[in-house]
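J.: Model the structure of this input:
(4 chains, ligands or ions: 2)
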Amino acid sequence: MDIKVNVREAQGDSYVVDLNGEIDVYTSPKVKDAIGDLIDKGHYNLIINLEKVRYIDSTGLGVLIGGLKRVREHGGTVNLVCTNPQIKKIFDITGLVKIFGIYDDEDAAMKALV
Amino acid sequence: MDIKVNVREAQGDSYVVDLNGEIDVYTSPKVKDAIGDLIDKGHYNLIINLEKVRYIDSTGLGVLIGGLKRVREHGGTVNLVCTNPQIKKIFDITGLVKIFGIYDDEDAAMKALV
Amino acid sequence: MNQPVSRENSSLGTVELRIPSKAEWVAVARLAVAAVANRLNFSIEDIEDIKLAVAEACTNCIQHASGSDQIEITCATEVEGLTVRVQDHGRGTRPEHIASRRVDEPRVGGLGVFLIRSLMDTVEYDVSPDSGTNLVMTKKVQS
Amino acid sequence: MNQPVSRENSSLGTVELRIPSKAEWVAVARLAVAAVANRLNFSIEDIEDIKLAVAEACTNCIQHASGSDQIEITCATEVEGLTVRVQDHGRGTRPEHIASRRVDEPRVGGLGVFLIRSLMDTVEYDVSPDSGTNLVMTKKVQS
Ligand SMILES: Nc1ncnc2c1ncn2[C@@H]1O[C@H](COP(=O)(O)OP(=O)(O)O)[C@@H](O)[C@H]1O
Ligand SMILES: Nc1ncnc2c1ncn2[C@@H]1O[C@H](COP(=O)(O)OP(=O)(O)O)[C@@H](O)[C@H]1O
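T.: Ligands and ions are numbered 1, 2, ... in the order given. This is a model prediction of the structure:
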């Protein structure tokens, strides 16, 4: 019912945000803050790792979309790592597959970023 | 929220009942039937493996106690395999540790049986 | 003779839940409804769909139904499927806001009702500025 | 000046659940209450205790409260802990049946009330032959 957020630096000034848990109307502000902090500090190439996310709702999607919009203004991008079929399905039916790079593992997400 | 029951023959005419899931007022009749069937067929030395049981309530305990009573009438016994601390605690506070042999693995439960 | 279609006969009972209209309680609603759905013959995927639809409905009550301090969730269960009603007593919305539509471009917000309509089999909104929003949605068990 | 002790201030809200008085719905009650407890600062062990106590209370409503077709479970949450009320409207029992006692010998049955009393911090039964059984139990968050 909760979310754990871990931020770590990766190659080429990119950052990885590891999320573990459930992203909903209660927990998404925590995710929003973590992503917002990175962008405020001038980091515009982000990987958000959703491998350990069991659940995401529209407020969680809204946070990801908001982050993507902000980094794009600076020529950056947000790539997602996602393997959970239910969550992939949500990206599918909302059409968000078309605006996010979604990868099966962090390596692939990283290669596509740099 | 459900229970899976698997019965298998073991050494020396003993039987092992593997339980997987949650034992409550809704699912315990299934457990009761499995144990009752074995006893009806004349098997009085039983191991009930609770390693994969995440939850047990008083109706589940009642089924185990009822089984023990029945096999004892025939000189048999019921040994339990249980590692889950919460379930061990329930056996503790109800005093059932004193009437059941409770073991950390099937080998130990078997050695104590035969 | 005609076969009487008896809706009553297939009913497995009704579970009602009332939570405060606050973000921290939405998880309770979606877990409770998932547990209800688990008692029917739904696939894991269908249960996840129902969970998300209920959470989106509750989230909208919290974010938009001003003046409502509680959300009522009613699950009517039948062998054939589940009917979930999510009701608040806040200020309602205009029908065009909860109309069904396509997702075309990225934007923050506006996905909740779309998801509910995508994930459930039938969705009916009864919006009233006075008595709040009443959402009734159903999902059939795949046979 | 005296420090006013304001119980209201620490309230985090109330969650209400109503299930049919049938064995298959007890799991919904215990999962919902566990989700509520999860929002407070309870340890996993405490949450398991609360889950079992609520399940035992519901099981007793189902098995003993004849004439009651519903069980009402009310969770009042505070920073300091949880108060759960489990209420049926069936024929009540005599006080001696729900009295606290020790477990001495193996027997089928008779463990439910004992477990409730062992697992919760306070337990109060209000039994009435007419209006059913009203059980109020509390558990404090360990600080
Ligand atoms: N329970 C409700 N009470 C009041 N308005 C609602 C309710 N549910 C939905 N709405 C209206 O429907 C609109 C669309 O909701 P939704 O698709 O979830 O997107 P968002 O919540 O991001 O606006 C909301 O902006 C709101 O105006
Ligand atoms: N909700 C209830 N309605 C009526 N009687 C109850 C209720 N809860 C408990 N009782 C009474 O308390 C007794 C003890 O219950 P319990 O300790 O759970 O053991 P058991 O259910 O095995 O009898 C029951 O036998 C019953 O007489």
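
J.: nearest spatial neighbour of the residue sitting furthest away from the middle of chain A, skipping sequence neighbours?
T.: Going by C-alpha atoms, centre = their mean, the residue of chain A most distant from its centre is A:Met1, 18.5 Å out. Leaving aside its sequence neighbours, A:Met1 sits nearest to C:Ala27 (C-beta to C-beta, 6 or more residues apart in numbering or on different chains; 4.3 Å). Placement of C-beta: from N, CA and C, glycine included.

J.: quick one: the one you found is in a helix?
T.: Yes - counting by DSSP: H, G, I helix; E, B strand; the rest coil, C:Ala27 is located in a helix.

J.: For it, give me the pLDDT.
T.: The model reports C:Ala27 with a pLDDT of 98.

J.: quick one on the thing from earlier: give me the distance between the residue farthest from the centre of chain A and ligand 2.
T.: Counting by C-beta to the nearest ligand atom, to the nearest Å, the gap between A:Met1 and ligand 2 amounts to 30 Å.

J.: gap between stretch C:85-104 and the chain center?
T.: Averaging C-alpha positions (C-alpha atoms, centre = their mean, to the nearest Å) puts stretch C:85-104 12 Å from its chain's average.

J.: cool, and stretch C:82-95?
T.: 9 Å.

J.: Quick check: mean pLDDT of that stretch?
T.: Regarding stretch C:82-95, the rounded mean pLDDT is 90.

J.: Next: stretch C:58-74.
T.: 94.

J.: Start and end of that stretch, how far apart?
T.: This stretch, stretch C:58-74, spans 12 Å end to end (C-alpha to C-alpha, to the nearest Å).

J.: Report the buried residues of that stretch.
T.: C:58-62, C:64-65, C:68, C:70-74 (16 or more other C-beta atoms under 10 Å in any protein chain shown).

J.: Tell me the one of those residues nearest A:Thr77?
T.: C:Thr59 (27.7 Å; C-beta to C-beta).

J.: Now do the contacts for that closest one.
T.: A:Asp24, A:Val25, A:Asp57, A:Ser58, A:Thr59, C:Ala23, C:Val26, C:Gly112 (C-beta atoms under 8 Å, 6 or more residues apart in numbering or on different chains).

J.: Phi first, then psi, for it.
T.: phi -60, psi -40 (degrees, to the nearest 10).

J.: Can you give me the distance of the residue in chain C that ligand 1 sits nearest to to C:Thr133?
T.: The nearest approach of chain C to ligand 1 comes at C:Gly112, 2.2 Å away (C-beta to the nearest ligand atom). The span separating C:Gly112 from C:Thr133 equals 12 Å under the rule C-beta to C-beta, to the nearest Å.

J.: residues shared between the contacts of the two?
T.: Common contacts of C:Gly112 and C:Thr133, defined by C-beta under 8 Å, 6+ apart, comprise C:Asn60.

J.: what's the following helix or strand after the longest helix along chain A?
T.: Ranked by residue count and defined by DSSP state H, the top helix of chain A is helix A:58-72. Following helix A:58-72 in sequence order, the next helix or strand is strand A:77-81 (DSSP states H and E).

J.: what about the helix or strand that that following strand is followed by, near ligand 1?
T.: As assigned by DSSP H and E, the chain's next helix or strand after strand A:77-81 is helix A:85-93. No - on the criterion C-beta under 6 Å from any ligand atom, helix A:85-93 is out of touch with ligand 1, staying 13.5 Å away.

J.: list the buried ones in helix A:85-93?
T.: A:Gln86, A:Ile87, A:Lys88, A:Lys89, A:Ile90, A:Phe91, A:Ile93.

J.: In PDB, list the C-alpha atoms belonging to it.
T.: Extracted as PDB, the C-alpha positions of helix A:85-93 are listed here (Å, rounded to 0.1, in the frame of the first residue of the first chain):
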ATOM      1  CA  PRO A  85       1.800  -7.100 -17.700                       C
ATOM      2  CA  GLN A  86      -1.100  -5.300 -15.900                       C
ATOM      3  CA  ILE A  87       0.900  -2.100 -15.800                       C
ATOM      4  CA  LYS A  88       2.000  -2.400 -19.400                       C
ATOM      5  CA  LYS A  89      -1.700  -2.800 -20.300                       C
ATOM      6  CA  ILE A  90      -2.500   0.400 -18.500                       C
ATOM      7  CA  PHE A  91       0.100   2.200 -20.600                       C
ATOM      8  CA  ASP A  92      -1.400   0.500 -23.700                       C
ATOM      9  CA  ILE A  93      -5.000   1.400 -23.200                       C
END
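
J.: Please compute how far that helix lies from its chain's middle.
T.: Counting by C-alpha atoms, centre = their mean, helix A:85-93 comes out at 14 Å from the chain centroid.

J.: what's the angle from it to helix A:58-72?
T.: 60 degrees (axes from the mean of the first three to the mean of the last three C-alpha atoms, to 10 degrees).

J.: ok, C:Ile98 to C:Val26 distance?
T.: From C:Ile98 to C:Val26 the distance is 18 Å (C-beta to C-beta).

J.: Turn the contacts of C:Thr59 into TSV, including neighbour count.
T.: Supplementary listing: the contacts of C:Thr59 in TSV, determined by neighbours: other C-beta atoms under 10 Å in any protein chain shown:
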residue	neighbour count
A:Asp24	26
A:Val25	25
A:Asp57	27
A:Ser58	27
A:Thr59	27
C:Ala23	18
C:Val26	27
C:Gly112	25
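
J.: for chain A, longest strand please?
T.: Longest strand in chain A, counting residues (DSSP state E): strand A:45-56.

J.: list the helices and strands that one packs on?
T.: strand A:15-23, helix A:28-40, helix A:58-72, strand A:77-81, helix A:85-93, helix A:106-113, helix C:44-64 (3 or more C-beta pairs under 8 Å, 6 or more residues apart in numbering or on different chains; DSSP states H and E).

J.: To what extent is residue 95 buried, counted in neighbours?
T.: In the absence of a named chain, chain A is used. Using other C-beta atoms under 10 Å in any protein chain shown, A:Gly95 has 15 other residues around it.

J.: nope, chain C
T.: 10.

J.: so it sits right up against C:Val127, yeah?
T.: Yes - counting by C-beta atoms under 8 Å, C:Pro95 touches C:Val127, with 6.0 Å between them.
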